[in-house]
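> Below is the sequence, then the predicted model.
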Amino acid sequence: MSIFKKHFKLYCAIIVVLTGLMLSACQHTPAQQGNKPLHEVSKESLWDFDHEVRYYQTPLSKSSYQLEVVANGRVRFERLATFLMRISYQLCQGYGYQLKVLDGVESYDHYRASPNLIMGNLKARLECPISQ
């Protein structure tokens with residue numbers, strides 16, 4: 001008598017339990033952001049392939065956002081700042097927006113002054129004009 005035939009009931013029980021676990025995992029879906037109030041929506045991690053930057057976009061109200069562009073060693077500050085301006089233009093669908101930089105601005109000569117300094121993320125608050 002083979003080992004498989006000897007433990008057939010045990011194998012069937014394991015398969016049933018694993019199938020049940022997989023089905024219950026498929027049943028869990030994250031909450032839709034559209035149903036939550038804006039102040040409860042967590043920041044969303046996004047990637048821009050054109051500028052090769054990762055950023056977080058957190059809606060604060062219908063017309064304001066907090067943007068955080070992740071600094072890394074491969075993308076220079078100039079590109080991060082330019083990306084911040086372009087994503088602001090896209091989110092507000094035009095000009096007239098107000099961009100308040102909160103953190104992450106580099107000094108002109110920070111590479112010479114402290115070459116091993118790890119800069120923080122570029123953070124800003126975006127206020128879009130309210131169209132009437």
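Now that the structure is in, tell me what you want to look at.
> Show me the shaky parts of this protein.
1, 3-4, 18, 20-43, 104-119, 132 (pLDDT under 70).
> which residues of it fall in helices?
Taking DSSP state H to define them, one finds helices in the chain at 3-6, 8-27, 77-92, 110-113.
> now residue 88: how far from residue 58?
14 Å (CB to CB, to the nearest Å). The C-beta positions use only the backbone N, C-alpha and C, and glycine is treated the same way.
> The two: which is more packed in?
Shown here are residue 88 and residue 58; by other CB atoms under 10 Å, residue 88 has more neighbours (19 against 16).
> so who does the more buried one touch?
With contacts defined as CB atoms under 8 Å, 6 or more residues apart in numbering, the neighbours of residue 88 are 67, 97, 99, 124, 126.
> ok, the fourth one touching residue 64?
No. Counting by CB atoms under 8 Å, residue 124 sits too far from residue 64 to count as a contact (11.0 Å).
> who's residue 101 bridged to?
In this structure, residue 101 bridges to residue 124 when assessed by DSSP bridges.
> List the buried residues in the lengthiest strand in the chain.
Ordering each strand of the chain by length in residues (DSSP state E) puts strand 53-61 first. Neighbour counts over strand 53-61 (16 or more other CB atoms under 10 Å) mark 53-59 as buried.
> Pretty sure residue 89 sits against residue 95.
Yes. Assessed by CB under 8 Å, residue 89 is found in contact with residue 95 at 7.0 Å.
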